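>>> Quick one: sequence plus predicted model below, questions after.
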Amino acid sequence: MDAACIYVAVGVYQFGSKKLTMPKMNCKYSDRPEMEREWLEENTWCDDCGKPDLGMNPGREYEENGRTFVEGVCKVCGCTVRSEIITKIIRPEDLV
């Protein structure tokens, strides 16, 4: 387990007739570089507004079922906004 994450809740997922219980872990959003946090907070999608890039006030970052999310509040309507953080390693030869 990553030292920056701790277990806080348990989610239950339905896969066919089986239910699997997966842990949810809170992570330290403040450990991310400021530029990265700003980008994540500006590049959002609000389901309630139906518009992109309205911005959010972040509440927390967490891992669930092997995926990382940042969740906060839409700056326009105040509803919950949740975005998945996908990390992709790009090799220098891929940039050519």
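Received it, and whenever you're ready, just let me know what you need.
>>> what ranges do the helices span in the chain?
34-42 (DSSP state H).
>>> Flag the helix or strand of it with the lowest per-element mean pLDDT.
The least trusted helix or strand in the chain, going by mean pLDDT, DSSP states H and E, turns out to be strand 5-15, with a mean of 38.
>>> quick one: P52 from W45, how far?
5 Å (Cβ to Cβ, to the nearest Å). Quick note: C-beta positions are derived from backbone N, CA and C, even for glycine.
>>> so E84 bridges to which residues?
Taking DSSP bridges as the rule, E84 bridges to F69.
>>> let's number from 52 now, not from 1
With the count now opening at 52, the last piece we talked about shows up as E135.
>>> Surely it touches F120?
Yes - E135 is within contact range of F120, at 5.5 Å (criterion: Cβ atoms under 8 Å).
>>> So between these two, which is more surrounded?
A direct count of neighbours by other Cβ atoms under 10 Å for E135 and F120 places F120 higher, at 16 against 9.
>>> from what I can see the more buried one touches I137, true?
No - F120 lies out of contact with I137 (Cβ under 8 Å); the separation is 10.3 Å.
>>> what's stretch 99-115 in contact with?
Residues outside stretch 99-115 that contact it (Cβ atoms under 8 Å, 6 or more residues apart in numbering) are 53, 56, 59, 62, 73, 75-80, 83, 88, 91-97, 119-128, 130, 132, 136.
>>> start to end distance for it?
Taking Cα to Cα, to the nearest Å, stretch 99-115 runs 23 Å from one end to the other.
>>> Figure out how far that stretch is from the centre of its chain.
Here stretch 99-115 is found 8 Å from its chain centre; the criterion is Cα atoms, centre = their mean, to the nearest Å.
>>> Distance-wise, check the residue most central in space within the chain relative to N94.
Against the mean C-alpha coordinate of the chain, by Cα atoms, centre = their mean, the closest residue is F120 at 1.4 Å. For F120, the distance to N94 equals 14 Å [Cβ to Cβ].
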